[in-house]
Structures are given as C-alpha cells and as structure tokens.
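J.: What follows is a predicted protein model with its sequence.
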Amino acid sequence: QLVESGGGLVQPGGSLKLSCAASGFTVDDYSLAWFRQAPGKEREGVSCISYAGVSTNYADAVQGRFIISTDNAKNTVYLQMSNLKPEDTAVYYCAAQRVFSCSLTATMYHYWGQGAQVSVSS
C-alpha cells in the first residue's frame, strides 16, 4: 500500500514536499516513481528512483527544481518540489514496482497511491 501526503495550495515560486509512505514492502527493494495528472491531460512521469537508490531520473519539465529521495527508516519516498509553477498543478501519484531500474513510463508500475492534489496559484 502507498499513501501520499503533503499536497496543498502554494504560490508560484514556492515549495512543497510530498511524502509517500509504503507498507507491505520495503522501499529499498523497489523502483519508485512520482507521476502527475492535470485536468484533461494524460498522466506523466515526473521522477523516479531505482532499486536501493542506485539512480534517479527526472522529466525535463522538473529537472533542477524537483528532488526525489527515500528514507528507509520511515519506508517513505519523497518529492521535494521547489520554484513551483502554475503548470505544476496536478494530482501527484507515487508508484512502485519490484524492478532494478526505474522508468517514467506508467505501465511499468503495478502499485499506486491514491494521489495528492498540488495547486500552484497566486
């Protein structure tokens, strides 16, 4: 099970940190990812981290602004979002799959959280 938290409303240029707590498996044994879906748009990959944190990957749109990380003690994956823009507004989902290399392709992931709303507006 994956449970996201930390969404909310923030002004442009602001920051938010999303959390995704996992239960029933150990995050270090899985590839983990964050996806987002804006109204009327398809779900898109934002960032992912591979098994045991070996590597990370970011979509061009968030490169340099977002950071993905894990805390094995809390069995949680995070997405630190900075310099947020209105186009970052979306429902953000975390996902997990027991594979070595992560991907920003949604079909690779079997386990999904329920989503957290992030709204960027002045």
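T.: Everything's here; your move.

J.: does the residue most central in space within the chain sit in a helix, a strand or a coil?
T.: Centroid check for the chain by C-alpha atoms, centre = their mean gives residue 34 as the closest residue, at 2.4 Å. Recorded secondary structure, residue 34: strand (DSSP: H, G, I helix; E, B strand; the rest coil).

J.: Please tell me I have it right and it contacts residue 68.
T.: Yes: taking contacts as C-beta atoms under 8 Å, residue 34 lies within contact range of residue 68: 6.5 Å. The C-beta positions use only the backbone N, C-alpha and C, and glycine is treated the same way.

J.: between these two, what contacts are shared?
T.: Common neighbours of residue 34 and residue 68 (criterion: C-beta atoms under 8 Å, 6 or more residues apart in numbering): 47, 48, 77, 79.

J.: among those residues, who's most crowded?
T.: When neighbours are counted by other C-beta atoms under 10 Å, residue 77 leads the shared contacts of residue 34 and residue 68 with 29 neighbours.

J.: ok now do that one, which residues does it touch?
T.: 19, 20, 22, 27, 32, 34, 49, 68, 69, 70, 94.

J.: Closest to residue 84 out of these?
T.: residue 34 (14.0 Å; C-beta to C-beta).

J.: before we move on, back to that, pull out the buried residues from the contacts of residue 77.
T.: Listed as buried from the contacts of residue 77 are 19, 20, 22, 27, 32, 34, 49, 68, 70, 94; burial here means 16 or more other C-beta atoms under 10 Å.

J.: For those, give me JSON lines that also has pLDDT and secondary structure.
T.: Formatted as JSON lines, these follow (pLDDT from 0 to 100; DSSP: H, G, I helix; E, B strand; the rest coil):
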{"residue": "19", "pLDDT": "98", "secondary structure": "strand"}
{"residue": "20", "pLDDT": "98", "secondary structure": "strand"}
{"residue": "22", "pLDDT": "96", "secondary structure": "strand"}
{"residue": "27", "pLDDT": "93", "secondary structure": "helix"}
{"residue": "32", "pLDDT": "97", "secondary structure": "strand"}
{"residue": "34", "pLDDT": "98", "secondary structure": "strand"}
{"residue": "49", "pLDDT": "97", "secondary structure": "strand"}
{"residue": "68", "pLDDT": "98", "secondary structure": "strand"}
{"residue": "70", "pLDDT": "96", "secondary structure": "strand"}
{"residue": "94", "pLDDT": "98", "secondary structure": "strand"}
